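Novice: mind looking at a prediction? Sequence and model below.
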Amino acid sequence: MAEINNAGGTLTVKLGAEFVAAEAESLRAELGSLVAQGAANIVFDCGRVSKMDSRGLLLLVSAANTTAANGGKTTISNASADLADLLRITGLDMRMEVLSA
C-alpha cells in the first residue's frame, strides 16, 4: 500500500512492494485530486518496489505528463538497478528524473 505525503506543493508517494494494476488504479484518482488542488511535483519513492507491471509504468507516465503540463516535474527516487534499467530501456528516464538507491 502506498503512503502519500503532501508538503509544499510536492507529493511524495512511498510505494509498496508491488506496484501493479490494483495499486496504480487506486493511486490514480487520489493523485489526480491532489494535483488538481495545486501539487506541482510528484516524487515516487520506489525503495520498497520489487514488482511493477505495465499499469504501474502507465501511472508514472501519466504523472510525468500531468506535472509537466502544470510546470512541475516527476521524480523517481530510490530506484533499484533493475528499475532504473527498465526506465532507461523504455525511454522514461528522459521524461522524469531517476535517482538510484
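Specialist: Thanks, I have it.

Novice: tell me how many other residues crowd residue 40.
Specialist: Residues lying near residue 40 (other C-beta atoms under 10 Å) number 15. C-beta: built from backbone N, CA, C; applies to glycine.

Novice: surely it meets residue 69?
Specialist: No. Residue 40 is not in contact with residue 69 according to C-beta atoms under 8 Å; the separation is 10.3 Å.

Novice: quick one: residue 55 from residue 81, how far?
Specialist: 22 Å (C-beta to C-beta, to the nearest Å).

Novice: so those two - more neighbours on which side?
Specialist: Comparing residue 55 with residue 81 by other C-beta under 10 Å, the one with more neighbours is residue 55, at 15 against 9.

Novice: go ahead and confirm residue 83 touches residue 46.
Specialist: Yes. Counting by C-beta under 8 Å, residue 83 touches residue 46, with 5.8 Å between them.

Novice: who touches both of these two?
Specialist: When C-beta atoms under 8 Å, 6 or more residues apart in numbering defines a contact, the residues bordering residue 83 and residue 46 alike are residue 76.

Novice: among those two, which residue is more densely surrounded?
Specialist: residue 46 (26 against 19).
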